[in-house]
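Participant: Got a predicted structure here, sequence first:
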Amino acid sequence: MRAFTYERAGDAREAAAAVAARPEAKFISGGTNLLDLMKLDIERPAHLVDVSRLPLDRIEDTPEGGLRIGAQVRNSDLAADPRVRSRYPVLSQALLAGASGQIRNKASTGGNLLQRTRCYYFYDRNMPCNKREPGSGCSALEGFSRMHAILGASEACIAVHPSDMAVAMAALDASVETISPDGETRAIPVGDLHRLPGTTPNVETELGHGEMITAVTLPPAPPGRQIYRKVRDRASYAFALVSVAAIVEASGDGIRSARIAMGGVAAKPWRAAEAERALAGAVASDRAYTDAAEAALVGAQGYGGNDFKIPLAKRTVRQTLAAAIERA
Amino acid sequence: MAETMTNTGIIGRPIDRIDGPLKVMGRATYAYEHAMDGAAYGYILGAAIAKGRIAAIDTAEAEQAPGVLHVMTHRNAPPQPDFGPAITPTVPEVFTRARPMLATDRVRYYDEPVALVVAETFEAARAAAGLIKVRYKEEPGVFDLRAHLADAYAPKRTNAGFETDSAVGDFEAAFPAAAVKIDATYRTPYEHHNPMEPHATLAVWSGDGVTIHTSAQTLANFRAGLASTLGIPPERVRVVSPFLGGGFGSKLIIHADTVLAALAARVLRRPVKIALTRQQMFANAGHRAEMIQQVRLGANPDGRLTAMGYEVWSATSSFEEYCEQTAVFARSLYAAPNRLTRHRLVGVDLNRGEWMRSPGEAPGMLAFECAMDELAERLDLDPIELRIRNEPTEDPERGVPFSTRNLVACMQEGARRFGWESRNPVPGQVREGRKLIGYGMAAAIRPNYIGASTAQVSIDADGQVTARLDMTDIGTGTYTILTQIAAENLGVPLSAVRIELGDSNFPKTAGSGGSWGAASAGSALHNACNALKEKIMAAARSSEGSPFHGANATDANFAGGAITIGDRSERLADLVRRIVPEGLEAEGSVAAARESAAYTDYSQHAYGAHFAEVAVDCDTGEIRMRRMLSVIGAGRILNAKTARSQIIGGMTWGIGAALMEETVLDSRHGHFVNHDLAEYHVPVNGDVPGMEVVFLEEHDDKANPFGSKGLGELGVCGAGAAVANAVYNATGIRVREFPITLDKLLPALPSTAI
């Protein structure tokens, strides 16, 4: 860990300005990911702006009937909120499927969205990594790729985004509110926050330097059953091999609407728009779930060690849709 | 020796850990926590290549960094002996040989130390280490076991000196002729111990002697190994290690933290602390090597084995050989007239493999007990019945009787308690919702040892008993059972006994390893207590005013804190205070048992039977444990609570080995890819379901004065195979590459109708 300077921001705009003023400055909140990366000399911020004490820790009802979640709401608190549990169970389930109790107690909503990939090669400074050192190459491409992306990857990077929370938020059509150093605010759909790697895997989000997430807004809860299904190598404290957030609205024997987002498959939460369209108006049947699963994985590509994720994702989408309908 | 053990029933009781309150309150001081004024902090920089030479190393910037006191590399490290040959002349030298660090420009494995930075703080040292620039001249290395099997060689010996090969009868003729055959090849992966407490040392020099506060399972090895490395007599090294946060065999010998802390502290003339980071432990603290295991079993239609062939190919470090004794257990397990076992090694450019909990049995029984399951199915025989039909009447290769052997009783009692009769022998048939349910079982065997040990015990005028020995408690409960042994032997309450461990100034023991700690240190302490009682009685008999003056000491009964002979009785404390107010002290020893008649004339092993129930998700292939039962026949149990903890810990290791533990070696770079606890998976609480452990009543009078047998590793042995066999029973899919992860099930897992 390199030496760094540290300050506590007085308000959101001041925080944004403080980071914007220095190219090597970063926000810190729970630090559950950033501190690990600093210890391993992978993140080397010269200055940290602590935003954890900003008054962004409330969950408020919006006039439209949704929820506005402050960026500093802790993952544990968000998962336990009665409104989240009753109206957005997919979000609560996703949060509780992530990390450990200790980490969830520290991790913030904004920080969770901005956590970085857990690619083993990204974590080892001796290994080439385009995300860490642009132009150095991707060690995972022909290396151990068991946890890596099957959708939206590139020759430059096949890393996945590890968040469970973000997958549920993508399915809920949540949007991120940000503030820029000049005080300007904007809203970005969660599904558009993260970028696919392309040729610049080091650029991971749409956020400018110094632009800070202040809140995540959930629109009114969509009709239908919500399920978060996380497939992993052990019962707890493991990143998703594949996860599926499904929201399915049934109508008699049919499906009125469906939303599907997948985790563990790409550098961002992956909405399966084709599959959603195919399901809308379909008869609830194994055929429909299977077709949707196929549609969700169109274009999927394995890299050897992660080939299994393609059939695994299809099986998980199919079963999760069936489970959502059964409970409808 | 007159047996004077008085059975007051303290041994065997489920006494809470003596050291429990200290640990719960954070008052058990571990190596790195040891407070020392003026201590400096070291951080090790590891090599970025696996093989080659350091062409240039630039430490100038690091030396100028804030707080940095010293940067050590091969250019300025104090002289140390050469590492020497890959194989030591004798087995004990493996543990005591010099292990020089930063001694040459040669890089032998990825992350081998190439520099040490010592600074005023840990963070300053780590930050400065990042400023060191190293240019390497890299050489191609050998890493892939399977790609180099053609280069395999037969080592001169396996770990602990077991024979490399064994043969009885004519396997090559008998196997092809067998009516029913299994020829199955399994692969077990690299694994790492990952004790909670990392390897850490605080080194403090005083004059020409050094004291190291460290985390060591066997103090004598650390003392000898460090003395050899530093080139000083062992008497000038003191090792202190009263508490350990686990070891699992990774703390039997010195590692980089100990050597470099001692070297740097001498150079700087101030105490130096070094801990390995979790990531560094993967290359620098030992591992279990990858193995290919071929099991060939031939049987008659009635299930009796006619041929047993077991060949193991293992990776080994090219610069220091380590051959895990993987096939050795099979020499004693089942009867078969024609048999062979073989160990072969392939040299790779990795750090040395080390002893990892249940060396031999852990990877070996994982494969072999699956092969037995495969044979049982081929024979259409219950797996327990197959094993019963091959129960030997004597050790099948040594031709000597067993001391005690309750394997069949373990299996039968386990079957009854587990509800084994409800197992469907046809795999893939039992569904509950979208889960496939399976049962599996496997046998357990683990040799029983005693290592040479000495203990000292004293009693003072208050009746306080203090025992001292350089034994360690690695979390197994040694403090507790030694307290019980002394209390029972001397007939005093537990509260009157104080056990002091983990200091090389105390008498030398065999330490913690090989499941022999309780028997070795316990026997020495038992003999020391007997010697103390003799001294007490000698003093009492010769004392004019004593009620026991002139009495026959062999009639003395030590119980309830008092000595009684006939109708004469006196409290022990009163007697000592009156006759020898300065107290009394005695020593006792036990010799290494390997050459004793009890070992040469008998086959001594502990046994068990494991039962597992798993649920496999029929959509995703996720495997989750439902319950596990182990029935253990390990002689007399010294403490029912700590013994149970040892067994369930071992069963948990079995779950890990079967389902999740694997260190992935990237053969392009020769480095372990998933080198942290986020990606090297061990079972978490949610993976460990209800665990039941049953100990059979047993007393092995050949083993030691207590009739006990070692069980620190027994719980691992075969436990993973029980899980793997349950996965097969659930799914009908036999995965022979461990761990059994869902990606290996998926290709053969049928799509189940919604």
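Facilitator: It's in. Numbers count the residues shown, from 1 in each chain, chains lettered A, B, ... in the order given.
Participant: three-state assignment of whichever residue of the stretch 201-328 of chain A sits closest to chain B?
Facilitator: For the stretch 201-328 of chain A and chain B, the shortest gap (CB to the nearest CB) falls at A:A235, measuring 3.2 Å. For the C-beta atoms, the positions are set from N, CA and C on the backbone; glycine is no exception. Of the three states, A:A235 takes coil according to DSSP: H, G, I helix; E, B strand; the rest coil.
Participant: so what's the residue lying closest to B:S228 once chain neighbours are set aside up against?
Facilitator: Among residues not flanking B:S228 along the chain, B:A98 sits closest, at 3.9 Å (CB to CB, 6 or more residues apart in numbering or on different chains). Contact analysis of B:A98 by CB atoms under 8 Å, 6 or more residues apart in numbering or on different chains lists B:Q80, B:P81, B:D82, B:F83, B:G84, B:G225, B:S228, B:T229.
Participant: Roughly how far does B:A98 sit from B:T218?
Facilitator: Per CB to CB, to the nearest Å, B:A98 is found 17 Å from B:T218.
Participant: what do you get for A:A174?
Facilitator: Where B:T218 is concerned, A:A174 sits at a distance of 57 Å (CB to CB).
Participant: before we move on, back to that, so which pair among the contacts of B:A98 is furthest apart in space?
Facilitator: Based on CB to CB, the longest span within these runs between B:D82 and B:G225 and measures 14.8 Å.
Participant: which of the two has more neighbours?
Facilitator: Neighbours of B:D82 and B:G225, each counted by other CB atoms under 10 Å in any protein chain shown, are more numerous for B:G225; the result is 28 against 9.
Participant: which ones are touching the more buried one?
Facilitator: B:F95, B:T96, B:R97, B:A98, B:R99, B:I253, B:I254, B:T258.
Participant: Are we agreed that the last one is in a helix?
Facilitator: So the one you mean is B:T258. Yes - assignment of B:T258 by three-state DSSP places it within a helix.
Participant: Leaving out sequence neighbours, find the closest residue to the residue in the stretch 451-600 of chain B that chain A sits nearest to.
Facilitator: At 21.4 Å from chain A, B:G475 is the closest residue in the stretch 451-600 of chain B, using CB to the nearest CB. If you skip the residues right next to it in sequence, B:G475 has B:G246 as its closest partner in space, 5.4 Å away by CB to CB, 6+ apart.
Participant: Helix, strand, or coil at the one you found?
Facilitator: Judged by three-state DSSP, the three-state class of B:G246 is coil.
Participant: wait, it sits on B:T472?
Facilitator: No - distance between B:G246 and B:T472: 11.3 Å, which falls outside the contact criterion (CB atoms under 8 Å).
Participant: In terms of neighbours, single out the busier of these two.
Facilitator: The residue with more neighbours, out of B:G246 and B:T472 and counting by other CB under 10 Å, is B:T472; that gives 30 against 19.
Participant: list the contacts for the more buried one?
Facilitator: When contacts are taken as CB under 8 Å, 6+ apart, B:T472 is in contact with B:A216, B:Q217, B:T218, B:L219, B:S241, B:L244, B:T478, B:L501, B:G502, B:G511, B:S512, B:G517.
Participant: Next one: the closest residue to chain A within chain B from B:D676, what distance?
Facilitator: Residue nearest to chain A within chain B: B:G686 (3.2 Å; CB to the nearest CB). In this view, B:G686 and B:D676 are 20 Å apart by CB to CB.
Participant: more neighbours, those two?
Facilitator: A count of neighbours by other CB under 10 Å puts B:D676 above the other of B:G686 and B:D676, at 19 against 13.
Participant: What ranges does the stretch 151-300 of chain B have for its strands?
Facilitator: B:165-168, B:180-188, B:200-206, B:209-214, B:237-240, B:272-275, B:291-299 (DSSP state E, counting those that start in this stretch).
Participant: Which strands and helices lie in contact with the fifth one?
Facilitator: Secondary structure elements in contact with strand B:237-240, counted by 3 or more CB pairs under 8 Å, 6 or more residues apart in numbering or on different chains; DSSP states H and E, are strand B:209-214, helix B:219-230.
Participant: check contacts around residue 295.
Facilitator: Just going to use chain A. For A:A295, the contact set (CB under 8 Å, 6+ apart) comprises A:A272, A:E274, A:A275, A:A278.
Participant: To clarify, I was referring to chain B.
Facilitator: With contacts defined as CB under 8 Å, 6+ apart, B:V295 is in contact with B:I182, B:D183, B:A184, B:T185, B:Y186, B:G309, B:Y310, B:A367, B:F368, B:A371.
Participant: With pLDDT and distance to B:H74 as extra columns, can I get these in a markdown table?
Facilitator: As requested, the contacts of B:V295 are exported to a markdown table (pLDDT from 0 to 100; distance: CB to CB, whole Å):
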| residue | pLDDT | distance to B:H74 |
| --- | --- | --- |
| B:I182 | 98 | 52 |
| B:D183 | 98 | 49 |
| B:A184 | 98 | 47 |
| B:T185 | 98 | 42 |
| B:Y186 | 98 | 41 |
| B:G309 | 98 | 47 |
| B:Y310 | 98 | 43 |
| B:A367 | 98 | 41 |
| B:F368 | 99 | 44 |
| B:A371 | 99 | 47 |
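Participant: Please indicate which of these are buried?
Facilitator: Applying 16 or more other CB atoms under 10 Å in any protein chain shown to these, the neighbour count classes B:I182, B:A184, B:Y186, B:G309, B:Y310, B:A367, B:F368, B:A371 as buried.
Participant: Those: which two are farthest apart?
Facilitator: Across those, the two lying at the largest distance from each other (CB to CB) are B:Y186 and B:G309, at 13.6 Å.
Participant: tell me, what's touching these two both at once?
Facilitator: Common neighbours of B:Y186 and B:G309, counting by CB under 8 Å, 6+ apart, are B:Q294, B:V295.
Participant: B:E374 is in contact with B:L386, correct?
Facilitator: No - with contact defined as CB under 8 Å, B:L386 does not reach B:E374; the gap is 10.4 Å.
Participant: For those two, indicate the residue with more neighbours.
Facilitator: In this comparison of B:L386 against B:E374, neighbours counted by other CB under 10 Å, the higher total goes to B:L386 at 22 against 19.
Participant: is it fair to say the more buried one lies in a strand?
Facilitator: No - assigned with three-state DSSP, B:L386 falls outside any strand and is helix.
Participant: how about the strands in chain A?
Facilitator: Chain-ordered strands for chain A, with DSSP state E as the definition, fall at A:5-8, A:25-28, A:47-50, A:59-61, A:67-70, A:175-179, A:185-189, A:212-218, A:225-231, A:242-251, A:254-263, A:270-271.
Participant: wait, which of the ones you listed is closest to B:Y607?
Facilitator: Of all the strands of chain A, it is strand A:225-231 that lies closest to B:Y607, at 38.1 Å by CB to CB.
Participant: List the buried residues in the closest one.
Facilitator: With the criterion 16+ other CB under 10 Å, strand A:225-231 contains buried residues A:R225, A:Q226, A:I227, A:Y228, A:R229, A:K230, A:V231.
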